[in-house]
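Participant: Fold the following, please.
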Amino acid sequence: METDIHHPTDSTLLSDGIRVITRWLTEGRELDPQPQYQFSDHQRVVKKRVMTILNARKDSVREKAYKDLLHYAGLVKGYAVSAIPELASSYH
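Facilitator: Predicted coordinates:
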C-alpha cells in the first residue's frame, strides 16, 4: 500500500526531538516524590519556526528561523540535562 510520508529534514527532526524530550519531562513530573526540576514547554514556538523554515522564500528568513529553532533546542537540552539526576534517583 502506498502512503504519503514526508522526507525528514533537519528542522523536523529537531522538532521531533524537542517534542519527545518535552513529553519525557512532563511525564517525569508525575513521579512520586515529584522531582523539582524546572522547564518550559516551547513546542508551540518550535512548531511555528519549523513552518517558517519550510515555507520561507528568502534564505535570510529561513536562516533566522533556523537559528531561533537551534536556540530553543539548546534550552530543551539544558532542561533535560538538569533533570537527569533527579529522574535517575527517582527510578532507583
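Participant: Could I get the full set of helices for this protein?
Facilitator: Counting by DSSP state H, the chain has helices at residues 10-28, 43-55, 59-90.
Participant: list the helices and strands the last one packs on?
Facilitator: It stands for helix 59-90. Helix 59-90 is packed against helix 10-28, helix 43-55, with contacts defined by 3 or more C-beta pairs under 8 Å, 6 or more residues apart in numbering; DSSP states H and E. Where C-beta positions appear, they are placed from N, C-alpha and C, glycine not excepted.
Participant: mind showing which ranges of the protein have poor pLDDT?
Facilitator: 91-92 (pLDDT under 70).
Participant: buried set for stretch 28-35?
Facilitator: Using 16 or more other C-beta atoms under 10 Å as the test for burial, stretch 28-35 gives Gly28, Pro35.
Participant: What lies in contact with that stretch?
Facilitator: Tyr37, Ala83, Glu86, Leu87, Ser90 (C-beta atoms under 8 Å, 6 or more residues apart in numbering).
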